[in-house]
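Novice: Generate coordinates for the sequence data below:
(chains A and B)
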There are 2 protein chains.
Amino acid sequence: MASVDVSVGLLGYGTVGSAVDRLLTENADDIERATGHRLRVVKALVRDPLKDRGFQPDGEILTRSFEEVRDDPDIAVVAEVMGGVQPTADYVLELLRAGKHVVSANKQLVAQRASDLFAAASSAGVQLRFEASVCAAIPVIKVLRESLVVSNVHRVLGIVNGTTNYILTEMENGSSYADALAEAQRLGYAESDPTEDVDGADAAAKMAILASIAFGSRVTLPDVPFEGITEIETSHLRAAQEMGLAVRLIGSATLVDGALDVRVGPSLVDRHHPLAAIEGAFNAVMLQGDGIREITLEGPGAGGSETASSVVADMVSVIGTTGTGFLQNDPCWRRLRRLPRGELRTPAYMRVEVDDRAGVLARVAECLAAHEISVARLIQHQLPDGAVLHVVTHEAPTGKLESAIAEIAAMEEARATPSALPVISDRGVAGLGRS
Amino acid sequence: MASVDVSVGLLGYGTVGSAVDRLLTENADDIERATGHRLRVVKALVRDPLKDRGFQPDGEILTRSFEEVRDDPDIAVVAEVMGGVQPTADYVLELLRAGKHVVSANKQLVAQRASDLFAAASSAGVQLRFEASVCAAIPVIKVLRESLVVSNVHRVLGIVNGTTNYILTEMENGSSYADALAEAQRLGYAESDPTEDVDGADAAAKMAILASIAFGSRVTLPDVPFEGITEIETSHLRAAQEMGLAVRLIGSATLVDGALDVRVGPSLVDRHHPLAAIEGAFNAVMLQGDGIREITLEGPGAGGSETASSVVADMVSVIGTTGTGFLQNDPCWRRLRRLPRGELRTPAYMRVEVDDRAGVLARVAECLAAHEISVARLIQHQLPDGAVLHVVTHEAPTGKLESAIAEIAAMEEARATPSALPVISDRGVAGLGRS
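Specialist: Predicted coordinates:
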């Protein structure tokens, strides 16, 4: 079959955009072998065409006019790598309506505007792909949409923010939170304002996208409560390590009897669990489903060339599947109800500091029993002026775990603020910390 | 777009075949949403249609006549789940020539007959897919062919045999080889004749397939030297653990200056490396390439429903991409030369038992120096009647490592047989065992 030239447009020509252009140029032969098409960037929308750039584009492709991209009848596919939600969403809508496939690397755009965008794509009969919006080069969207079609995925667990994972693993190695964050900034993993990373908001947007695809039901930002790692202290990490657990910022999306729970928060992961092995700025997503048991994908979660590699893979996939008529459909086809927040069941770890008096252990145990929380493992350590209880519970509703912790915090024997974190273990919790 | 019925044929209706039929039946709606097609098994070739089966097929689909499958004009795609190389290869060739897409779960067939099969597929304009032939439900072939098109993958590292990984992790937990093997057989991970698993032949066939796809150059079984785990002893595992290393049966495929090295053998993996975290009967494949750095996919490497899930995903992908005209091409498009076996460079761990006499350490060190092998780390332990040296080397050609070990074995101070294993570490070897 003869090779066909495909003209590509870019919205944005920064780190990712120039890397896309470079990959398309340098790998034109590979792409032709894989698809029969030669892709070439013919127009790139930028704010300032005269700015000095790392990869100097060929000829006259830079333009300040969006209309030049939209109205170029040769352009079949456009990569949106400019970021932001506005005017980006308007541009993407116009492109889709003009019959151009769009590939986006923009997590906020996809998390906030997926409904409109898919409606436009579907009615124009073009595709919208967004692999690069979550976990850079890790092809988790493709695997969910194309490989796990019959797997009835019922749970997605992810480490989807590299900055916080870097900070937590550095803290495990003895750094303070402040030092680890400063080092992450020095290495370029964290922004100069790291708020969205460390407070969990970035991970929440990614989990909204992953949950929407995994369960076929739109999950928006307000559906994803999140908590970050700013309250984690080195002493928590040490206690967790003693119990055979690692602290990770985990996004979870769970299907429970037809209802959906999506959340992000620090969790304790059994050290034999695949997610406990994810170190540094890496990302990983575990997909659990009928038949497949679990598949975990791991890799770098950020980076210009990693992100560009996903953008190009999406363009190649679009070209390999145009005309089949279905991949342009909105992957969300049903509307699942939300599980009330307190109903998600999980094992948990609790840390309770108390005065070392007779009867205090009994009072804590009674409180847990009153909330129908069953204890899998308990260790009591002496403190200089009191005692600390490390409790690992069996699965219990998060609402009951929260009520019990609040009640324990109110006891007159309680010292410091007791804390509870969900535990992630595939082997049950009874064996925790044994090896 | 209206849904289209697609008739599917099966070669074989055993564990995997019946699971494919069940998945297609139970997930018909999911598949229709993803592809616009309803897939239905209309014919399945079996030896004995009257045999009692776990999942009873609808109506009269079982047949003893291959021609009934081949000559049914309605059948668009056939899943080969009967196993064996003959007559399977003849059947698959005839099906491809008859214009039917074929999906195969058969690693020996693909490893031994890929050239013929792809030539037939290509000239008939149909696809041959084989995701399930390697690592069951882990979509590594799809990721290599579709997501990493522009990634210039230069190294593939895999734990691609679950039986041996189960045995090795049980041995790390204190089991003997014999007990671990017996337990693997009891759990159904190992065949009653486990030779192909424990001697590395099964992993070698899978690595031949993975290397062919990753590098676009046909790798056949004779190209893949393999060594199994039968010589691994509990004492090796203990020494490795002390150095911060885990023993794993690793398949590696490496591109070195345009030449290809593929091999399977026991290796020592830094405990911070993702492959050291793979426990039990799981498989994992790490893909290293320009731009993406590394992506690791992990999951169950065997199982009826896991394998069937990959077969169905391949069928869905075939249907989603027919008419694009390129995925039927042989993924092997070039012919790379083989790297001479001794030229692959790797760091290594050596264990040398010697008489405890003056000068012996110097002789070992001189021998290494004479072969230009540089030592990264050395620990000497006293034995009741001698000494044992644990040596971790910097990267050196495997040929020189083997010569040095042979020379050390011939020294009169040498006791027992010294051993050398490659070390896999992404952080260099200098830090090994420090934490």
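Novice: okay, CA-based contacts and neighbour counts for the rest of this
Specialist: OK.
Novice: Spell out which residues of the stretch 151-300 of chain A are next to chain B.
Specialist: A:151, A:272, A:274, A:277-279, A:291-300 (C-alpha under 8 Å from any C-alpha of the partner chain).
Novice: hmm, 6 Å instead?
Specialist: The interface of the stretch 151-300 of chain A toward chain B, taken as C-alpha under 6 Å from any C-alpha of the partner chain, is made up of A:291-292, A:294-299.
Novice: For those residues, which two are the farthest from each other?
Specialist: Between any two of those, the greatest separation by C-alpha to C-alpha is 24.2 Å, found for A:291 and A:299.
Novice: picking that back up, redo the residues of the stretch 151-300 of chain A next to chain B as a markdown table? Include neighbour count, secondary structure and pLDDT.
Specialist: Listed next are these as a markdown table, based on neighbours: other C-alpha atoms under 10 Å in any protein chain shown; DSSP: H, G, I helix; E, B strand; the rest coil; pLDDT from 0 to 100:
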| residue | neighbour count | secondary structure | pLDDT |
| --- | --- | --- | --- |
| A:291 | 21 | coil | 84 |
| A:292 | 28 | coil | 89 |
| A:294 | 21 | strand | 94 |
| A:295 | 24 | strand | 96 |
| A:296 | 22 | strand | 97 |
| A:297 | 25 | strand | 97 |
| A:298 | 28 | strand | 97 |
| A:299 | 28 | strand | 95 |
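Novice: how deep is residue A:261 tucked in, by neighbour count?
Specialist: 23 (other C-alpha atoms under 10 Å in any protein chain shown).
Novice: Now do the helix or strand where it lies: everything it contacts.
Specialist: Using DSSP states H and E, residue A:261 falls within strand A:259-270. Applying C-alpha atoms under 6 Å, 6 or more residues apart in numbering or on different chains, the contact partners of strand A:259-270 are A:224-228, A:245-254, A:276, A:336-339, A:421-425.
Novice: would you turn the residues of the stretch 151-300 of chain A next to chain B into CSV with distance to residue A:215?
Specialist: Listed next are these as CSV, based on distance: C-alpha to C-alpha, whole Å:
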residue, distance to residue A:215
A:291, 16
A:292, 16
A:294, 16
A:295, 16
A:296, 17
A:297, 18
A:298, 21
A:299, 23
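Novice: mind showing which ranges of the stretch 301-435 of chain A have poor pLDDT?
Specialist: When residues are selected by pLDDT under 70, those of the stretch 301-435 of chain A lie in A:322-328, A:427-435.
Novice: Next, the contact list for the residue in the stretch 51-200 of chain A that chain B sits nearest to, please.
Specialist: Relative to chain B, the nearest point of the stretch 51-200 of chain A is residue A:147 (5.0 Å; C-alpha to the nearest C-alpha). Taking C-alpha under 6 Å, 6+ apart, we find residue A:147 in contact with residue B:313.
Novice: could you point out which element follows the strand holding residue A:261?
Specialist: Next in sequence after strand A:259-270, counting helices and strands by DSSP H and E, comes strand A:282-289.
Novice: any idea how far the residue nearest the centre of chain A is from residue B:423?
Specialist: Taking C-alpha atoms, centre = their mean, the centroid of chain A lies closest to residue A:160, which sits 3.4 Å from it. Applying C-alpha to C-alpha, to the nearest Å, the value for residue A:160 to residue B:423 is 30 Å.
Novice: Excluding covalently adjacent residues, which one is nearest to residue A:82?
Specialist: Counting by C-alpha to C-alpha, 6 or more residues apart in numbering or on different chains, residue A:12 is the residue found nearest to residue A:82 once chain neighbours are left out, at 4.3 Å.
Novice: my guess is the one you found meets residue A:81, correct?
Specialist: Yes - with contacts counted by C-alpha atoms under 6 Å, residue A:12 reaches residue A:81, the gap being 5.3 Å.
Novice: Compare these two (neighbour count), which wins?
Specialist: Set side by side, residue A:12 and residue A:81 show more neighbours around residue A:81, with 27 against 21, by other C-alpha under 10 Å.
Novice: For that one, which residues are in contact?
Specialist: Per C-alpha under 6 Å, 6+ apart, neighbours of residue A:81: A:11-12, A:17, A:105.
Novice: Equivalent analysis for residue A:104, please.
Specialist: Residue A:104 makes contact with A:79-80, A:130, according to C-alpha under 6 Å, 6+ apart.
Novice: cool, residue A:77 as well?
Specialist: A:8, A:100-102.
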